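Participant: quick one, what's the 3D model for this:
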Amino acid sequence: MENYKKKIRARVFFMAMYTVAVSVFNLVAHLLDLEYSLPTDFLMGMICGIDLVAVFIIAKYLTALKNEEKLKAMYIEENDERNKTIRLRSGYPIVPAFVFVMLLAAVVAGYFNLTVMITLIATAFFELVVCLVIKLICQKTV
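Facilitator: As a prediction, this is how the structure comes out:
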């Protein structure tokens, strides 16, 4: 369990560093009063959204580190073979990376063609919905 605690502490550290870096970047951008376009606004919103999710995950991890029962439950949930099988069948290892690349491509494409940007964003969200549906189906059948 000590190895798992170290792993959780490392996750908290890296998420906290990301959160601080994003906050500093947003503060500097606000102080410099930078001019934004739609793709830049979308990118900033996406980064802030990831930042907000990281804050909630940090809170979850910190409460689990203080409570041994919650930590053990998290460990069991992460290392459960059934959950691992469901994640693999629903495309968990590759889908988040693929969606992230599609969203970055949407930002880049947004500087050239707004229609392509919107199409890539819609496709990325559709991919997430399909992955979620497959995961829910696998939870019922596995």
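Participant: show residues contacting the helix or strand bottoming out on mean pLDDT in the chain.
Facilitator: Confidence across the helices and strands of the chain bottoms out at helix 81-89, with a mean of 82, counting by mean pLDDT, DSSP states H and E. Residues outside helix 81-89 that contact it (Cβ atoms under 8 Å, 6 or more residues apart in numbering): 77, 93, 134-135, 138-139, 142. To be clear about C-beta, it is placed using only N, CA and C from the backbone, and glycine gets the same treatment.
Participant: adding secondary structure, distance to A109 and pLDDT as columns, could you present the residues you listed in JSON lines?
Facilitator: What follows is those, written out as JSON lines (DSSP: H, G, I helix; E, B strand; the rest coil; distance: Cβ to Cβ, whole Å; pLDDT from 0 to 100):
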{"residue": "E77", "secondary structure": "helix", "distance to A109": "38", "pLDDT": "86"}
{"residue": "P93", "secondary structure": "coil", "distance to A109": "25", "pLDDT": "78"}
{"residue": "I134", "secondary structure": "helix", "distance to A109": "27", "pLDDT": "87"}
{"residue": "K135", "secondary structure": "helix", "distance to A109": "28", "pLDDT": "84"}
{"residue": "C138", "secondary structure": "helix", "distance to A109": "32", "pLDDT": "83"}
{"residue": "Q139", "secondary structure": "helix", "distance to A109": "35", "pLDDT": "81"}
{"residue": "V142", "secondary structure": "coil", "distance to A109": "37", "pLDDT": "75"}
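Participant: of those, just say which sits nearest to A29.
Facilitator: Of all those, P93 has the smallest distance to A29: 33.3 Å, by Cβ to Cβ.
Participant: which secondary structure state is assigned to G91?
Facilitator: Under the three-state scheme (DSSP: H, G, I helix; E, B strand; the rest coil), G91 adopts coil.
Participant: ok, of the contacts of helix 81-89, which come out buried?
Facilitator: Of all those considered here, the ones buried according to neighbour count by 16 or more other Cβ atoms under 10 Å are 134-135, 138.
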